[in-house]
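> Below is the structure, and that's it, no one-letter string:
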């Protein structure tokens, strides 16, 4: 009687142990699949992020004939659409996961869709993201003050426009923002020491991309520009030489270095002078104004001043490529808001990823009417000056009573050429992969 009892007890114990083992195995398999699923969705999102980065960096290289970006080996190339009307598949790896994505061909000004698939541990997830197309001008129109990495507003400064950054925004020491605020994803807006935001405006989270100046700067700017208008004439009769010399108006004394130094490619004037620009696109290294100097954009002119890289200009860090101080200012005779005229000069700095560069206004620099676009440079605006227009830099600091504002109806000048994209929609695809790539999404 003892033997059967022992056998039954052993069988029962083995059964219970087997059940526990099977349960443990099921839990481990489920945990592994769950981890693989999380990694797969993260990989899909990373693939979509790579697609967005490449579009914003190389959108200017796309055309109607070649509206897609693809890979030839490991080299990114422009290419045609595939037979199904979508761009060819692009794949890559991120950590232990893989991703692949397909994008709709670029149509200038139209939204685009990317479908990205991530895979990890035998699990795959698929997402579809809509990209909204915009331009640099429209980005500046939505936010009058942008610092890609950071914005700081302090010491009684006032941003009377919407402010955006992909990093943190700090408003302190009686600084104020009278507009909406956008800080970066996972970042924050901080207010201390009487820093404030006007009532009725929002604080949101989100990132945007701003393309480099090189994406919309004329490709022949080095040889086809308005610099000749600033050159001092070697003779004026019977015909002025060199051709076009002294076409711009200058109240100071023309010389081989004033107001234009062709060796250093610098615009710099004498004290208490006025320089009126009436050309089109200028291509320089530095702009230096001080001691009651006024730089004016002539009525009817469409002035764009492009700044070459610090490397090409043989400048070292920190390279101050715009330096305005001691009551110097920039204005536009075409800026007449009461008549609905908002023409202002634009200053576009290429900057450098390796040599630090900056834009600096200081010491009571009056009222300035302009657009500054310097996505690779720090912008410092301070000391009782007012800036009417739009400002965008790698980082921006307003201090000591600086004011940035826009009059009602103001629109930044149409920069043209540069299209940028940002996320507009996100969905996960739940059905099987089919044709088109965004089927079942």
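Noted; the coordinates are in hand. Being a predicted model, the structure only gives us computed values, none of them experimental.
> Break this structure down into its domains, please.
Following automatic domain parsing, the chain resolves into domains at 2-135+421-429, 210-405.
> Most tightly packed of those?
When the domains of the chain are scored by mean count of other CB atoms under 10 Å, the highest mean neighbour count falls to domain 210-405 (a mean of 19). All C-beta atoms are positioned from the backbone trio N, CA, C, and that covers glycine.
> quick one, what contacts the most centrally placed residue in the chain?
Closest to where the C-alpha atoms of the chain average out (CA atoms, centre = their mean) is residue 210, at 1.8 Å. Under the criterion of CB atoms under 8 Å, 6 or more residues apart in numbering, the neighbours of residue 210 are 136, 139, 146, 148, 373, 375, 392, 420.
> okay, the residues you listed in a markdown table with pLDDT and distance to residue 367 next?
As requested, the contacts of residue 210 are exported to a markdown table (pLDDT from 0 to 100; distance: CB to CB, whole Å):
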| residue | pLDDT | distance to residue 367 |
| --- | --- | --- |
| 136 | 66 | 24 |
| 139 | 72 | 24 |
| 146 | 97 | 21 |
| 148 | 95 | 26 |
| 373 | 95 | 20 |
| 375 | 94 | 25 |
| 392 | 96 | 20 |
| 420 | 73 | 30 |
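> Tabulate the residues you listed (CSV), appending secondary structure.
Output for the contacts of residue 210, formatted as CSV (DSSP: H, G, I helix; E, B strand; the rest coil):
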residue, secondary structure
136, helix
139, helix
146, strand
148, strand
373, strand
375, strand
392, strand
420, strand
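> Format these as TSV; extra columns: distance to residue 366.
Listed next are these as TSV, based on distance: CB to CB, whole Å:
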residue	distance to residue 366
136	27
139	27
146	23
148	27
373	21
375	26
392	21
420	33
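> In this protein, what residue spans correspond to helices?
2-58, 136-142 (DSSP state H).
> Any regions of the stretch 101-250 of the chain where pLDDT drops low?
Residues of the stretch 101-250 of the chain that meet the criterion pLDDT under 70 lie in 108-109, 135-138.
> before we move on, back to that, how about the domains of the chain in TSV, adding distance to residue 171?
Putting these into TSV (distance: least, CB to CB, whole Å) gives the following:
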stretch	distance to residue 171
domain 2-135+421-429	24
domain 210-405	10
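> Figure out which of these is closest to residue 435.
Comparison of these against residue 435 by CB to CB identifies domain 2-135+421-429 as nearest, at 6.0 Å.
> what sits against residue 275?
By CB under 8 Å, 6+ apart, the contact set of residue 275 is 248-252, 259, 267, 269, 293-296.
> Repeat the analysis, applying 7 Å as the threshold.
Applying CB atoms under 7 Å, 6 or more residues apart in numbering to residue 275 gives the contacts 248, 250, 259, 269, 295.
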